[in-house]
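Novice: Show me how the following folds:
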Amino acid sequence: MLGRALADPSGVVGLDAEGWTALLAMARAEQLIGTLALRLDGLPMPGAVRAILADARAAAEHGRRAALWEAEMARRALAAIDGPVVVLKGTAFVAAGLSAGQGRSIGDLDILVPRCALDTVEAALLAAGWEWVKPDPYDDVYYRRWMHELPPLIHRERDRMIDVHHTILPLTARITPDADALIADSVALENGLRTLSPNGMIVHAAAHLFADGDLAGGMRNLWDIRCLVEEFGIDGLDGEAQRHGLHHEVARSLRLVDALFGETEARGIDRLYIRRLTARDGWGRPTRPVTRFAFYVRSHWLRMPPAMLARHLWTKWRKG
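Specialist: Modelled structure (predicted):
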């Protein structure tokens, strides 16, 4: 229902109260309420719905400004760093003025820097007021040794998080994207920060969705991909995906975009992904617990080899 409304906003005209309740609840749960509000702007709807969507548009605009300001604060803190700083995900979309950023919910600031610059970037952020979120020694070592990012940081005054990536998948993952190539192909913004290339953005979104996570919030990622494809096309995308070992993930993302927001019916194993992505009821509550748990287990299986996973889960369990 939410996918159809995003793809064809005119289809919501004539919804009854139960239909509007379900649509808004699902959109809020999937962090797509701001996007939906912009897509439906100007259409006839009940007054109460209009007020809810007006609030969602205002919240999305506030989030956009906050994200851009946080990116600017990071830019200032890292101005003396001799190397590129690439903003990722929602902040990149709004910073570049892309359609994927319209109404998008934006959480932490994510940046990508060369791995050789991590120590310098870390020191500069700590000096500028960011602090560690995970002071636990085990977590600190785990992030630095095996993950694709530093342990998360939060600013002591603004209470905003920043994730500093040096690649786009954990070092323990079976797939090893070429982070240097992603950075080399990145596009400069007017303020000196950079974004991934359009194809790089699609590859990153697909990697995050299908090679790293449990598909939580997956509909938002697929909508990002849909917007990027609509705005830039897919010329050269297959070659870019092949270069990073993510051909299957990118191909699946395109098929699922067509299934959720188009007219194509999902086939084979893709139907399981659709089942996970749409696992909510008319109140926006999670459903299909077995499917959700299966994808949760899958996400950990993809992240690290079985023996390492067992040690990691045992350590976390012992620490409570």
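Novice: Quick one, grab the pLDDT at the residue lying closest to Leu189 once chain neighbours are set aside.
Specialist: Nearest residue to Leu189 in three dimensions, chain neighbours excluded: Ala95, at 5.8 Å (CB to CB, 6 or more residues apart in numbering). (C-beta placed from N, C-alpha, C; glycine too.) Ala95 carries a pLDDT value of 97.
Novice: and Ala95, how many neighbours?
Specialist: Using other CB atoms under 10 Å, Ala95 has 21 neighbouring residues.
Novice: quick one: the strands in the stretch 101-250 of the chain?
Specialist: Applying DSSP state E, counting those that start in this stretch to the stretch 101-250 of the chain gives strands spanning 109-112, 130-132, 153-155, 161-165, 187-188, 194-195.
Novice: Redo these as JSON lines? Include mean neighbour count, distance to Asp139 and mean pLDDT.
Specialist: Output for those, formatted as JSON lines (neighbours: other CB atoms under 10 Å; distance: least, CB to CB, whole Å; pLDDT from 0 to 100):
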{"stretch": "strand 109-112", "mean neighbour count": "26", "distance to Asp139": "19", "mean pLDDT": "97"}
{"stretch": "strand 130-132", "mean neighbour count": "17", "distance to Asp139": "9", "mean pLDDT": "91"}
{"stretch": "strand 153-155", "mean neighbour count": "19", "distance to Asp139": "13", "mean pLDDT": "94"}
{"stretch": "strand 161-165", "mean neighbour count": "21", "distance to Asp139": "14", "mean pLDDT": "95"}
{"stretch": "strand 187-188", "mean neighbour count": "12", "distance to Asp139": "34", "mean pLDDT": "97"}
{"stretch": "strand 194-195", "mean neighbour count": "22", "distance to Asp139": "29", "mean pLDDT": "98"}
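Novice: Check the model's average confidence along the longest helix along the chain for me.
Specialist: Of all segments of type helix in the chain, defined using DSSP state H, the longest is helix 47-77. Regarding helix 47-77, the rounded mean pLDDT is 97.
Novice: List the buried residues of that helix.
Specialist: Using 16 or more other CB atoms under 10 Å as the test for burial, helix 47-77 gives 49, 52-53, 56-57, 60, 63-64, 67-68, 70-71, 73-75, 77.
Novice: what angle do that helix and strand 161-165 make?
Specialist: Relative orientation of helix 47-77 and strand 161-165, computed by axes from the mean of the first three to the mean of the last three CA atoms, to 10 degrees: 60 degrees.
Novice: ok, the helix or strand just after helix 47-77: who's next to it in the sheet?
Specialist: Per DSSP states H and E, the first helix or strand lying C-terminal to helix 47-77 is strand 86-87. Paired strands of strand 86-87, with direction, are strand 109-112 (antiparallel), strand 194-195 (parallel) (DSSP bridges).
Novice: that older thread, possible to save the strands of the stretch 101-250 of the chain as JSON lines with distance to Leu6?
Specialist: Listed next are these as JSON lines, based on distance: least, CB to CB, whole Å:
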{"stretch": "strand 109-112", "distance to Leu6": "23"}
{"stretch": "strand 130-132", "distance to Leu6": "35"}
{"stretch": "strand 153-155", "distance to Leu6": "32"}
{"stretch": "strand 161-165", "distance to Leu6": "27"}
{"stretch": "strand 187-188", "distance to Leu6": "26"}
{"stretch": "strand 194-195", "distance to Leu6": "23"}
